[in-house]
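Got a sequence here, can you build the structure:
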Amino acid sequence: MDAVLSLFPLDALGAAALVCVLLAMTALGAGVRPARLLGAGLSLPPLAVALAIALVAIPAAAWLIAEAFGLRAGPLVGLLLMGISPGAPLALRRSRDSGGDADFALVLQVAVAVLAIVAVPVWIMILGAVYGREAGISLALLARQVFVAQILPLACGALLAHFAPDVARRVAGPMLRLSALLLAGVALLILAHVWRPLLAIPLPALGASVALALVGVGLAHVACGPDPARRTTSVIVCSLRNPGIAFLVASANGLPDGSKVMIIAHALVTAVALAVYVAVVRRRAPATPAARA
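This next block holds a predicted model:
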């Protein structure tokens, strides 16, 4: 188990997860229509609010919640790393599947991913000064992670849609389904290796993870309304954190395996919180005329 945790995401499981992300992001890019995106009339205030939540409010909340719950060692490091790591690559797909605003999701996702290249090192310096430990990560390494996992496949998909739209329409669906199947398999393999450490996570650490997930969902829901589709997109993109960045920082600084278990735990907790949120939003959504009839 320790070997898997210490190598992730660079081992076979990490490589398979990267393939899932690349397939999904390329397929989503194939659905991008630049003309529609440029004419969507996206206003800056909602985007600025969502970026502030993803890059500033949630990292600050992670810090305050970790202190409030008295976290130390691995759970403390893991929660803080997830708090400061925005831009989960599959947030774009999750937003689309949950009825979010596709155009706004794309702009927000790319903006978060790009700004994370600067925001993550800044937060690492701040937290390193607070907790008295030197930590850092190469901006070039972080930029490469964002570029390879998000920007490049999105761009490739968009180019395919522009130059070969018929091909893009035929391959996008199968690529998304294949990525979902592969991701499910990778998730099961990871859980098979770490379920015992996950069950051994202290209750305060689990409570802190739940609190952070709820704060992320609540902040985005309240601050990013009133348009339901745009609000759903903001909740998903802001709340879902990037385990790849968190693992990258942990590996670059030789942080304990307990922090990596906490990273996985928070990813699971957030996924559950978002599933509940989307289910509640859909139940409360007003029925369409056809449904009422």
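
who's in contact with residue 230?
46, 100, 101, 104, 224 (Cβ atoms under 8 Å, 6 or more residues apart in numbering). The way it works is simple: take the backbone N, C-alpha and C, and place the C-beta from them, glycine included.

same deal with residue 71?
Contacts of residue 71 (Cβ under 8 Å, 6+ apart): 79, 204, 205, 208.

name the element the second one belongs to?
The reference is to residue 204. Element membership of residue 204, judged by DSSP states H and E, is helix 203-223.

What lies in contact with that helix?
Outside helix 203-223, the residues that touch it by Cβ under 8 Å, 6+ apart are 49-50, 53, 57-58, 61-62, 65-66, 68-71, 75, 79, 82-83, 231, 234-235, 238-239, 262, 265-266, 269-270, 272-274, 277.

what about the helices in the stretch 1-150 of the chain?
2-7, 12-30, 34-38, 44-52, 58-68, 73-83, 91-97, 102-131, 139-146 (DSSP state H, counting those that start in this stretch).

what's the average pLDDT for the helix ranked longest in the chain?
Ranked by number of residues, the top helix in the chain under DSSP state H is helix 165-199. On average, the pLDDT along helix 165-199 is 82.

Over to stretch 46-61?
Mean predicted confidence for stretch 46-61 is 94.

That stretch spans what distance, first to last residue?
Its first and final residues considered, stretch 46-61 spans 20 Å by Cα to Cα, to the nearest Å.

what number of residues lie near residue 96?
The number of residues packed near residue 96 is 18, by other Cβ atoms under 10 Å.

And for it, nearest residue in space, chain neighbours not counted?
Spatial nearest neighbour of residue 96, chain neighbours left out: residue 102 (5.8 Å); criterion: Cβ to Cβ, 6 or more residues apart in numbering.

tell me the contacts of the one you found?
Neighbour list for residue 102: 31, 95, 96 [criterion: Cβ under 8 Å, 6+ apart].

From the residues you listed, pick the one nearest residue 281.
Ranked by distance to residue 281 (Cβ to Cβ), the contacts of residue 102 are led by residue 95 at 12.4 Å.

Give me the buried positions along stretch 182-194.
Judged by neighbour count using 16 or more other Cβ atoms under 10 Å, the buried positions of stretch 182-194 are 182, 183, 186, 187, 190, 193, 194.

my read: the fifth one touches residue 267, true?
No. Residue 190 is beyond contact range of residue 267, at 9.8 Å (criterion: Cβ atoms under 8 Å).

Mind listing what's buried along the helix holding residue 204?
Neighbour counts over helix 203-223 (16+ other Cβ under 10 Å) mark 205-206, 208-217, 219-221, 223 as buried.

hmm, which two among the contacts of residue 230 are most spread apart?
The span of the contacts of residue 230, defined through Cβ to Cβ, is set by 46 and 100 at 12.6 Å.

returning to what we had before: give me the angle between the helix holding residue 204 and helix 44-52.
170 degrees (axes from the mean of the first three to the mean of the last three Cα atoms, to 10 degrees).

How far away from the center of its chain is helix 203-223?
In terms of Cα atoms, centre = their mean, to the nearest Å, the gap separating the centre of helix 203-223 from the centre of its chain is 14 Å.

got the angle between it and helix 73-83?
Here helix 203-223 runs at an angle of 10 degrees relative to helix 73-83 (the same axes, to 10 degrees).

For the spatially most central residue of the chain, which non-adjacent residue is spatially closest?
Nearest to the geometric centre of the chain sits residue 88, at 2.2 Å (Cα atoms, centre = their mean). Leaving aside its chain neighbours, residue 88 sits nearest to residue 240 (3.8 Å; criterion: Cβ to Cβ, 6+ apart).
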